[in-house]
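Q: Return a 3D structure for these sequence lines:
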Amino acid sequence: MTYVIFVWHGIFLAITLAMIDFNTVFPALIADLGGSKVMFGTLYAIMLGAPHLLSFLFGHYLSTQRYRRKFLILGIYLRAISFLGMAGFTYFLGERYPGVVLACFFFWILLFSLSGGLAGISYNDIIGKLVRKGRRGALFAAKQFGAGLAGMGGGLIVSRIITVQREASPTSYAAILLIGFVGLLIASIPFWLIREPASPIPEKHGRSLGPAIRRVPAIMRQNPEFLRFIVVENLSSFGLMAMPFYLVFAREKLSVGDAYIGHYLLFQMAGMILSNFAWGWAATRFGSKCVVRACLIVGATIPIVALALSRASANLFSVVFLLVGFVMSGRRVGFEPYLLDLVPSADRTVYLGIRGTMNILVVVLPILGGALIQSIGYLPVFIVVSAALAAGSFVLGREGGVAGMRGTSSP
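A: Residues are numbered from 1 along each chain as shown. Next up is the predicted model:
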């Protein structure tokens, strides 16, 4: 039953996220509304980075709550409202006042992002409670396989809507976002069925924020593998300097039209599905750390492939999005299970909060990427991205398994 609940959520969440895919639909929407690369990079940074700024506060607050399911459901519903808001503003104002829509998007994306941060910590904590160590990789692989198929369906929906409209328009984008709103509501249904075990809560002196903040340096010293994970995740974030701009790159270098939004999204989803079998096998056979390392290596090749294909055909450039799908799937199968294996169950939400807040480059790099691409071009940015991801693989190390974590206990 537990697997069914999380796979159900993964399927409908994938359909929803396909409606605002960060690498195809979302950059096309911002560009069609007249947004610059810097504006897009800023919105992208808010979308992915805002929850990291408050992750520690979210994690600390949740550590004082015995049950976290209600916060997961609240976060999902707030995200659904953000989809509805974006759909409404795009439909009613997108044609005549695109600048107003772009300005309002800062609020809706911030709501989308912060509610996702609250839901994400609650979600991972509940998985940690209900799924024992050693089986999490298999769950994430099964969930990702279902999500990949659903995402492919979402890509077909996006492609069909744009095809019917002949080109992307405020009406078509509004319809796509409205489907995302409905998808989130459906995705939340099975969480009402969860029987969540109570979590231990800290003693009275551990509930205040000051002592919690003072614990952070000690946590990092006592858990070197956790610190290494945070360093590696920050290096992996360099991929965000390039990943959201591949569609813009294709538009500028290969003159691709709106019809390719759905086309590239389908290749991205195909990459997620095809690679899922390999990631699931690798996670089971070699552990989640192996998947993380492979993700970094594949990610390092993508900017090089994009540059190599910049003089090829628009159809051949689909390979870039196929590889992006490989990396996206691998991150979901590798990073989260690896982290859950690292952290002690009694302090899981605290560790998840520390992880989020210390992954600060997620906030900075998309904005920096947009500014650098606009000022110095794609080539130097893509080279830096490739080098940083390769360095992350080196920092992660070659040894298998999880280094001994003092005080770690598995649920």
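Q: alpha carbons only for contacts and neighbour counts from here, please
A: Will do.
Q: what sits up against stretch 353-363?
A: Contact with stretch 353-363 is made by 45-46, 48-60, 121, 216, 230, 233-234, 237-238, 240, as judged by C-alpha atoms under 8 Å, 6 or more residues apart in numbering.
Q: Quick check: end-to-end length of it?
A: End-to-end distance of stretch 353-363 (C-alpha to C-alpha, to the nearest Å): 15 Å.
Q: Now do that stretch: distance to the chain's middle.
A: 13 Å (C-alpha atoms, centre = their mean, to the nearest Å).
Q: which residues does residue 147 contact?
A: So residue 147 contacts 7, 10-15 (C-alpha under 8 Å, 6+ apart).
Q: Kindly report the same for residue 374.
A: So residue 374 contacts 37-38 (C-alpha under 8 Å, 6+ apart).
Q: swap the cut-off to 7 Å and go again
A: residue 37 (C-alpha atoms under 7 Å, 6 or more residues apart in numbering).
Q: any idea which helix or strand carries it?
A: helix 361-376 (DSSP states H and E).
Q: Quick check: what element follows that helix along the chain?
A: In N-to-C order, the element after helix 361-376 by DSSP H and E is helix 378-396.
Q: Any regions of this structure where pLDDT drops low?
A: 1, 134, 137, 164-167, 202-208, 398-411 (pLDDT under 70).
Q: chain center to the helix holding residue 374: distance?
A: Worked out by C-alpha atoms, centre = their mean, helix 361-376 lies 18 Å from the chain centre.
Q: Name the residues of that helix that are buried.
A: 361-373 (16 or more other C-alpha atoms under 10 Å).
Q: ok, now stretch 127-147?
A: 127-131, 133, 136-147.
Q: what do you get for stretch 315-326?
A: Buried, per 16+ other C-alpha under 10 Å, within stretch 315-326: 317-326.
Q: Relative to residue 155, which of the buried residues of helix 361-376 is nearest.
A: Closest approach to residue 155 among those (C-alpha to C-alpha): residue 366, at 23.9 Å.
Q: Just give me the neighbour total for the nearest residue to residue 81 once chain neighbours are set aside.
A: Distances taken as C-alpha to C-alpha, 6 or more residues apart in numbering place residue 181 nearest to residue 81, at 7.1 Å, with adjacent residues excluded. By the criterion of other C-alpha atoms under 10 Å, residue 181 has 24 neighbours.
Q: I'd like the list of the buried residues of stretch 127-147 that fall within strands, please.
A: Among the buried residues of stretch 127-147, no member is found in strands (DSSP state E).
Q: Among those residues, name the ones in helices.
A: 127-130, 136-147 (DSSP state H).
Q: residue contacts, residue 52?
A: 356-357, 359-360.
Q: before we move on, which element is it in?
A: helix 37-63.
Q: can you list contacts of the helix or strand harbouring residue 339?
A: Of the helices and strands defined by DSSP H and E, residue 339 is found in helix 318-342. Helix 318-342 is contacted from outside by 128, 133, 136-137, 140-141, 144, 226, 264, 267-272, 275-276, 279, 288-289, 291-292, 295, 298-299, 302, 305-306, 402, 405, using C-alpha under 7 Å, 6+ apart.
Q: Check which element follows that helix along the chain.
A: helix 348-358.
Q: Off-centre distance for that next one?
A: Distance, centroid of helix 348-358 to centroid of chain: 16 Å (C-alpha atoms, centre = their mean).
Q: and if you look at stretch 290-310?
A: On C-alpha atoms, centre = their mean, the centre of stretch 290-310 falls 17 Å from that of its chain.
Q: re the thing from before, can you list the buried residues of stretch 315-326 in CSV and add distance to residue 348?
A: Output for the buried residues of stretch 315-326, formatted as CSV (distance: C-alpha to C-alpha, whole Å):
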residue, distance to residue 348
317, 41
318, 39
319, 38
320, 36
321, 34
322, 34
323, 32
324, 30
325, 29
326, 28
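Q: Surely residue 159 touches residue 262?
A: Yes: Residue 159 is within contact range of residue 262, at 4.2 Å (criterion: C-alpha atoms under 7 Å).
Q: which parts of stretch 31-45 are buried?
A: In stretch 31-45, counting by 16+ other C-alpha under 10 Å, buried: 32-33, 35, 37-45.
Q: for stretch 89-101, same thing?
A: 89-91, 94, 98, 101.
Q: cool, stretch 59-73 as well?
A: 59-64, 67-69, 71-73.
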